[in-house]
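# Build the 3D model from these lines:
(chains A and B)
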Amino acid sequence: AQTVTQSQPEMSVQEAETVTLSCTYDTSESDYYLFWYKQPPSRQMILVIRQEAYKQQNATENRFSVNFQKAAKSFSLKISDSQLGDAAMYFCAYRKANTNAGKSTFGDGTTLTVKP
Amino acid sequence: ETGVTQTPRHLVMGMTNKKSLKCEQHLGHNAMYWYKQSAKKPLELMFVYNFKEQTENNSVPSRFSPECPNSSHLFLHLHTLQPEDSALYLCASSQESGGTVSYEQYFGPGTRLTVT
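The predicted structure is shown next:
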C-alpha cells in the first residue's frame, strides 16, 4: 500500500522568507501523480501544485515550487517570499495514475505559521 | 453556485438523531468522495464513488450510510452516532476519465459535525 509521510507537523517562517515543507512517499508504481494541497484556517482545501511522475521537470506555480526526486521518493514544497496568506495546513498527496479507483493517499499535514 | 458545495455547514445532533449531509459538485466531475477530518488526526477517506458506483468503503461503521443518486450529488446519512464521530466532514470531487483527467480533487467547505 502506498504511504505518504510528512515529517514536520509544524513549521514557521518569517514573512518574505523562504520555507520548504518535506514529503516522502512509498510506492512500487512508476506512473503516478503527486499533489500539495493547502487548507487555510476555516477555509476550503485547495490545490497548490501538481507533479506528474513521468515529468522530470519540477512543477512551479508562481511562488510555489517543488523538488521532485523520484528515485528518493521525495516531493518537497518550497514557498518563496512567504506571505501572511500562506498560513495554513499543507497536505502532500499521492495518486496512482491510469486507474478509475479515485483514491488518493494523503500525508498527515504540516501546519505552517507565517510571522509578520 | 460554483465548485463543490456542502450543506449544512454546521450540525449539532444527539446520538439518537438521524441527519443527512449533502454535497453537490458543479464541475462535471465523475468521482466524489467523503473524508473525515478530526483534530490531531490525519485526513481519513471514508467513501469513493466513481460514476455513481461505490468503489471504496474504508471500513466505515454502518452508522454512516452514503448515497450517490447521480454524479453531481453525494449524501452521507447519519444515525446513532457517537461523540467520537464529531469532526469536519469534507466532500470532494475529481475527473477520473474522459475529458481532461487531472486526478486533482476539489473540496467543499466541509460540515462541522458535533455529536452530543
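
# Would you check how far apart the residue nearest to residue A:16 when sequence neighbours are not counted and chain B are?
Distances taken as CB to CB, 6 or more residues apart in numbering or on different chains place residue A:81 nearest to residue A:16, at 5.7 Å, with adjacent residues excluded. Every residue, glycine included, has its C-beta placed from N, CA and C. Per CB to the nearest CB, to the nearest Å, residue A:81 is found 24 Å from chain B.

# Got the phi and psi for residue A:81?
When quoted as degrees, to the nearest 10, the phi and psi of residue A:81 stand at phi 50, psi 60.

# Could you check the pLDDT of it?
Predicted confidence (pLDDT) for residue A:81: 97.

# thinking it is in contact with residue A:62, fair?
No. The criterion here is CB atoms under 8 Å, and residue A:81 misses it with residue A:62 at 9.5 Å.

# any idea which element the residue most central in space within chain B lies in?
When CA atoms, centre = their mean is applied to chain B, the residue found nearest the centroid is residue B:34 (2.8 Å). Residue B:34 belongs to strand B:31-37 when assigned by DSSP states H and E.

# wait, does that strand contact chain A?
Yes. Applying CB under 8 Å from any CB of the partner chain, one finds strand B:31-37 touching chain A at B:31, B:33.

# What lies in contact with that strand?
Strand B:31-37 is contacted by residues A:100, A:102, B:23, B:25, B:43-51, B:66, B:68, B:71, B:74, B:76, B:87-96, B:105, B:110 when judged by CB atoms under 8 Å, 6 or more residues apart in numbering or on different chains.

# Many thanks, we can stop here.
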